[in-house]
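Engineer: When you get a sec, could you give me coordinates for this:
(2 chains)
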Amino acid sequence: TQLLEQSPQFLSIQEGENLTVYCNSSSVFSSLQWYRQEPGEGPVLLVTVVTGGEVKKLKRLTFQFGDARKDSSLHITAAQPGDTGLYLCAGFNAGNNRKLIWGLGTSLAVNP
Amino acid sequence: NAGVMQNPRHLVRRRGQEARLRCSPMKGHSHVYWYRQLPEEGLKFMVYLQKENIIDESGMPKERFSAEFPKEGPSILRIQQVVRGDSAAYFCASSPVQPSGANVLTFGAGSRLTVL
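Structural biologist: I've put the predicted structure just below:
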């Protein structure tokens, strides 16, 4: 059983389209992080959200943490081929900030 | 300002051999974490170490796996008598301070172990 469920698992879109990917759980997390992983490389941190309801923007990427701190979303505006990659969400359970719990990721392909 | 360095990047072993994976944390980081990534299971926490101390090894298999982070030199993840199921990507991450709240980890590029 995966504590963090990511959807969709795969997404293929055309350049210029908008998209949203989701990270859901029945558990409360003290913080959630979004990473992007390229093939053959390690995950690279994009953002950390800590407060319920928090919204953070990183250029064309908008991250939101649910009010109850159980879910998060990543919205990409006007996707570009360079956005292609595996997007992973990960979080620390309340009371344990040593072990990151990971979703399986959304594999995004942006076609020119 | 080098990031987290892992080597080897790729390692091939036959069943029964030993695998040693090395990780040098970012400069100034004294906390090291090891994660394993399997294709259909995602990333899983294995162990958290500080210099000369294993703090949390709750994700380590009970047998054949060990980790250390000596006073000098890199952290080492050691797998004895490897089996095919050990084939995976092993990622090391480091952080600068005692983890609290939104702990920020920097990951290495990983070591990909293939057991024949």
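Engineer: burial of the closest residue to chain B within chain A, as a residue count?
Structural biologist: Per CB to the nearest CB, A:G42 is where chain A lies closest to chain B, at 3.6 Å. Just so you know, the C-beta spots here come from the backbone N, C-alpha and C atoms, and that holds for glycine as well. For A:G42, the number of neighbouring residues by other CB atoms under 10 Å in any protein chain shown comes to 23.
Engineer: from memory it sits against B:F91, does it?
Structural biologist: Yes - the pair A:G42 / B:F91 is scored as a contact, 5.3 Å apart, by CB atoms under 8 Å.
Engineer: List, one by one, the residues from chain B near chain A.
Structural biologist: With the criterion set to CB under 8 Å from any CB of the partner chain, chain B comes near chain A through B:4, B:33, B:35, B:40-45, B:48, B:55-56, B:58-59, B:91, B:93, B:99-110, B:112.
Engineer: Look at B:Q17 and say how many residues are nearby.
Structural biologist: B:Q17: 14 surrounding residues under other CB under 10 Å.
Engineer: for the one 3 residues further on, same thing?
Structural biologist: The number of residues packed around B:R20, counting by other CB under 10 Å, is 14.
Engineer: Sketch out the strands for chain B, chain order is fine.
Structural biologist: For chain B, the strands identified by DSSP state E occupy B:5-7, B:10-13, B:19-24, B:31-38, B:42-50, B:53-56, B:65-68, B:75-79, B:88-95, B:106-107, B:111-115, in order along the chain.
Engineer: So for the longest one, mean pLDDT?
Structural biologist: Spelled out, that is strand B:42-50. Averaged across strand B:42-50, the pLDDT comes to 94.
Engineer: Quick one: residues in contact with it.
Structural biologist: Contacting residues not belonging to strand B:42-50 are listed as A:2, A:43, A:88, A:90, A:98-105, B:30-38, B:54-60, B:65, B:67-69, B:75, B:77, B:90-91 [CB atoms under 8 Å, 6 or more residues apart in numbering or on different chains].
Engineer: returning to what we had before: what sits in contact with each of A:G42 and B:F91?
Structural biologist: Common neighbours of A:G42 and B:F91 (CB under 8 Å, 6+ apart) are B:F107, B:G108, B:G110.
Engineer: of all these, which comes closest to chain A?
Structural biologist: Distances from the shared contacts of A:G42 and B:F91 to chain A were compared by CB to the nearest CB; the smallest belongs to B:F107, at 3.6 Å.
Engineer: now that closest one, nearest residue through space, not along the chain?
Structural biologist: Spatial nearest neighbour of B:F107, chain neighbours left out: A:G42 (3.6 Å); criterion: CB to CB, 6 or more residues apart in numbering or on different chains.
Engineer: Pretty sure that neighbour sits in a helix.
Structural biologist: No - per DSSP: H, G, I helix; E, B strand; the rest coil, A:G42 lies outside any helix segment and is coil.
Engineer: Please report the distance of the residue nearest to A:L108 when sequence neighbours are not counted from A:P43.
Structural biologist: Once its chain neighbours are removed from consideration, A:L108 has its nearest residue in A:L11; the separation is 5.1 Å (CB to CB, 6+ apart). Separation of A:L11 from A:P43 (CB to CB, to the nearest Å): 18 Å.
Engineer: do the same with B:G59
Structural biologist: Following CB to CB, the distance that separates B:G59 from A:P43 is 17 Å.
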